[in-house]
Structure formats: C-alpha cells, structure tokens
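Visitor: Give me coordinates for this.
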Amino acid sequence: MDSQPPPSPDSQQQTISRKQRRGIGRIGWAVLGAVFFGSLLLIGILPRLSQRSELQAAVKEASTVPSVNVITPRRAAATTNLELPGSVVALNQTTIYARSTGYLRRWYADIGDRVRAGQLLAEIDSPDIDQQVLQAKAELAQAQANVLQSRASLAKGVSDLKQARANLLIARQTWLRWSVLVKQGAVPQQDADTRYATYQANLANVEAAQNTVNSDSANIKAAQANVYASQANFQRNTVLQSYKKITAPFSGVITARNVNTGVLISAGSGNTNTSNTGNTSLYTIAAYDKLNVNVNVPQSLSPSLQTAQTAQITVTELPQRVFTGKVVRTSNAIDPNTRTLLTQLEVQNSDATLRPGMYATVKFAINRANTPFVVPDSALVINAGGTQVATLTKDQTVHYQKVAVGRDYGTEVEITSGLTGNESLIATPTVDETEGLRVQPVAQTK
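Guide: Model (predicted):
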C-alpha cells in the first residue's frame, strides 16, 4: 500500500485554527440559545409567580375574615289569615229578680228550658201587697167621694150666689126708687135709709156667696189632686201585685234557677243569700238565636278591620262546622294592658249549636296596604339595645339595625319597621359578629 506523506507544519497549524474557530462558534450559539430560552422562561413564569403570590395572599386573607350566610328580607303576602282566640257570649242575657216581696208559691221553668217572651216562670204569694192594693183602692174611692162632695157643695154655693145676686139687684133697684121719692118729698128719709141698709146687706151676701164658691172650687181641685195621688198609688200597688207573676222578658233558654218553692223573696236585686232569704235572683235567661263572639285584635292589625267584615268561626267540639261571623262593633279604644282592640262579631245560631261560654277560633282574612317584611326568627338579636338584626354595609362590615317585630309565624317573624328591603342580613348572627367586624358574605341557599 502507498503510504500518505506526513502533513506539513503549516497545514497542521491551519487545521488547529479551523477547529478553534469552530469551537468558539459553538459556544456562542450555546450562549445565545441559553439567553433566548431564559427569556422565554422569565416571560412565562413571572406572571404565574405573581398570580400565585396574589392567590396565596387572598387565601391568607380569606382564612382571617370569617364567612357568614346572608339573606335578603322578603315582603309578606298582601292578604294574610289572622287566627285569634275568641269567647262566645249571649247576645242578650239577664238575671231575673223579684219586684214583689213574699213566698215563692210555685216555679214553672227549670234550667235548660226554652221559653218565649211573656211566658210564666214562677208565682209569688204576697199578702202584704194584696192588702196594700185594697187599701189604695179604698183611698182612691174615698178621694173620689170627696170630689163628688166638693162638687155638690160647689153647686149649692153657685146656687146661693145666684140667689144673692138676684136679691142684691132687687134691693138696689128699691133703694134707687126710694131715693127719688125722698127727693120729691113723697116718703120720709127714714124709709130710704132702710132700703139702703137692705141693699148693703144683700151686697155682703153676694160677696160671702162668692167666697164660698171660690172655696168650694179650691176644695174640688184639692180633692181631685187627692184622687190623682190615690189613683197613682193604687196603680203602683196594682203593678207591684202583677209582679207576683214572674215572666220571661224575652225568648231564650233558662241557664240558672236559684230558688225553690216556699223561699222568702225580697223585692229588688242583690246577691243570692245562702239562707234563702233576702234579695235572691230567681232565674238567669240567655237568648241563643244570635250570639256574639268577643275577640281581641292586636294593635298592629286593628286598622285593617272594618265593620261588617266577615270571619270564619270554629270550635274544637264541632270540627266539621264553620260558622260565619260579622263584625258589628269594636270598643274603638286600645286596651293599654294588652295593646289589643276588643272586637265583637255577631253569628247566627238558630239551631242552638253554639253555646255561651264556648272557646272559639276566629279566622280573619285581612288585606294589608303596607305589607311588612318577613325574616327567619334566627336573624333576630335581642339584647339590651332591643330587638335588632345584623346587616352588612357596602364595605362588608357588620352593622346592627334596630327593628320592630310584628306577627310571629314560628320559624319566621314580620318586621314592621326598621328595614327597607335592600339589606343583606346575617342569617344566624352570633356573639362573634360584633359591630364593625369585616366578614365574607355567602348567599344562603334555600
């Protein structure tokens, strides 16, 4: 084989130079690549590092700010049902007392009996009033006799007065004629004086008769007045005598009978005497055809009630019956002790199903012009500052707002004042949520 000649020193030097230049070029490209890729890394990594830092800061802040569930108050329904306890009372109920003193002869009605107006309930033996009636009758007859006697005396006096006036007229005419004769000298003066004396006597008789007539007229007026007084006394005793029969003042049901046969009854009213003497009530009667139901309406809802408004009335003992009542009147005054308005409803009870004294439930359908807000009862905070709710301000801090509470539905309550409806309320505030505390709101899911 032919052997290669050894390279010359110049060629070797050139080769070395080319290798050095080639190595330097590789290093430069490597440096440029490193710088390029480093720039790319910085562009991609720095924002992520910044976001990561911000996220870590937010997580740290969130871990220090407590989270709370928030709710928004809602409006209550415009029409609400109001159920209130009521008491059934008789439309007309009275206790019957005797107006005549005596012993109870007999009673004709007992408890539970339905009676009609004017029906005889009992009779009383009253001999004293019977004698008073007889005495008053005799006094009336005597007074009437005195009137007749006075009238007869007046008639006689009038007759005497007429006779006296006639005699006076004759005596006067005689005296006048004799006076003329005396002037003519036909008769002596003595005879004329006699006629004048007779005239004066008749004039006195007329005056006396007139006085007698006036006196008799006055006696008649006095006698007539005695007749009126005696007649009034007689009528009074006659009426008292009629009270021996006890009658029903109106149609209804006897709810109490307090006396028995032979009991001594005193006229007038009073408490029942345990010894069955004295002023004793005889009966208690109540009208059942119509009944009243008394109910106390809270002050906050009283303006919504109107006269003639209807309501449903139920009683526990009659679960299948619903009665309709109508508001007939209110007390027009709020009771300062209970802050309620006494309201009275009238209900028809022709079949006597309802009875006075029953406990009833009255259900009103009330239309409210200004409906309140409704919040869960857990949102209320009651402390020394009153009733409050915990609201969130715009900067997410806690602020306690005082409110007024209306109806309580158990799990929810009405707020009648203190809220506008745009507030965010803490659903269940605790002692940790103090005034001004910054919190993280979380909308509560229903």
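
Visitor: ranges for the strands of the stretch 301-446 of the chain?
Guide: All strands of the stretch 301-446 of the chain, identified by DSSP state E, counting those that start in this stretch, fall at 310-315, 318-335, 340-348, 359-367, 373-376, 380-383, 386-392, 398-402, 404-408, 412-417, 425-426, 440-443.

Visitor: Can you give the strand pairings for the fifth one, parallel or anti for each?
Guide: I take that to be strand 373-376. Strand 373-376 has its sheet partners listed here by DSSP bridges as strand 74-75 (antiparallel), strand 412-417 (antiparallel).

Visitor: quick one: which of those strands is nearest G112?
Guide: Closest to G112 of the strands paired with strand 373-376, according to CB to CB: strand 412-417, at 46.2 Å. Using the backbone N, CA and C atoms, a C-beta is placed for each residue, glycine as well.

Visitor: How about the closest one, which residues are buried there?
Guide: Applying a neighbour-count criterion of 16 or more other CB atoms under 10 Å, one finds V413, E414, I415, T416 buried in strand 412-417.

Visitor: now do stretch 181-199
Guide: Neighbour-count burial for stretch 181-199 [16+ other CB under 10 Å]: V182, V187, A192, R195, Y196, T198, Y199.

Visitor: can you check stretch 194-214 too?
Guide: By 16+ other CB under 10 Å, the buried positions in stretch 194-214 come out as R195, Y196, T198, Y199, N202, L203, N205, V206, A209, Q210, T212, V213.

Visitor: Check stretch 74-87 too.
Guide: Across stretch 74-87, burial judged by 16+ other CB under 10 Å covers A76, T80, L82, L84, G86.

Visitor: Of those, which one scores lowest on pLDDT?
Guide: In terms of pLDDT, the lowest of the buried residues of stretch 74-87 is T80, showing 81.

Visitor: How far away from the center of its chain is the strand or helix carrying it?
Guide: In the assignment (DSSP states H and E), T80 maps to strand 79-97. Distance of strand 79-97 from the chain centroid (CA atoms, centre = their mean, to the nearest Å) equals 11 Å.

Visitor: now for it, which elements pack on it?
Guide: Contacts defined by 3 or more CB pairs under 8 Å, 6 or more residues apart in numbering; DSSP states H and E place strand 79-97 against strand 252-257, strand 281-298, strand 359-367.

Visitor: Export those strands to TSV and append columns for mean neighbour count, mean pLDDT and distance to P376.
Guide: Below are the helices and strands packed on strand 79-97 laid out as TSV (neighbours: other CB atoms under 10 Å; pLDDT from 0 to 100; distance: least, CB to CB, whole Å):
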stretch	mean neighbour count	mean pLDDT	distance to P376
strand 252-257	19	92	49
strand 281-298	20	92	21
strand 359-367	17	91	23
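
Visitor: Switch those over to a markdown table; also include distance to V431.
Guide: Formatted as a markdown table, these follow (distance: least, CB to CB, whole Å):
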| stretch | distance to V431 |
| --- | --- |
| strand 252-257 | 58 |
| strand 281-298 | 32 |
| strand 359-367 | 38 |
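
Visitor: what bits of the chain have low per-residue confidence?
Guide: Within the chain, the ranges that satisfy pLDDT under 70 run 1-50, 52-63, 269-280, 445-446.

Visitor: could I get stretch 215-229 in PDB with only the CA atoms?
Guide: Extracted C-alpha coordinates of stretch 215-229, given in PDB (Å, rounded to 0.1, in the frame of the first residue of the first chain):
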ATOM      1  CA  SER A 215    -163.600  77.900  98.500                       C
ATOM      2  CA  ASP A 216    -165.600  75.100  97.000                       C
ATOM      3  CA  SER A 217    -163.700  75.300  93.800                       C
ATOM      4  CA  ALA A 218    -160.400  75.100  95.700                       C
ATOM      5  CA  ASN A 219    -161.700  72.100  97.600                       C
ATOM      6  CA  ILE A 220    -162.600  70.400  94.300                       C
ATOM      7  CA  LYS A 221    -159.100  70.900  93.000                       C
ATOM      8  CA  ALA A 222    -157.600  69.600  96.200                       C
ATOM      9  CA  ALA A 223    -159.900  66.600  96.200                       C
ATOM     10  CA  GLN A 224    -159.100  66.000  92.500                       C
ATOM     11  CA  ALA A 225    -155.400  66.100  93.300                       C
ATOM     12  CA  ASN A 226    -156.000  63.500  96.100                       C
ATOM     13  CA  VAL A 227    -157.800  61.400  93.500                       C
ATOM     14  CA  TYR A 228    -154.800  61.600  91.200                       C
ATOM     15  CA  ALA A 229    -152.400  60.700  94.100                       C
END
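
Visitor: residues of that stretch that come out buried?
Guide: For stretch 215-229, by 16+ other CB under 10 Å, it's D216, S217, N219, I220, A223, Q224, N226, V227.

Visitor: Just confirm the fourth one is within a helix.
Guide: Yes: when DSSP: H, G, I helix; E, B strand; the rest coil is applied, I220 is found to be in a helix.

Visitor: Relative to F234, which of the strands paired with strand 373-376 is closest?
Guide: Closest among the strands paired with strand 373-376, using CB to CB: strand 412-417, at 68.8 Å.

Visitor: From the rest of the structure, what touches the closest one?
Guide: Contacts of strand 412-417 from elsewhere in the structure, counted by CB atoms under 8 Å, 6 or more residues apart in numbering, are 73, 76, 300, 372-377, 380, 389, 403-408.
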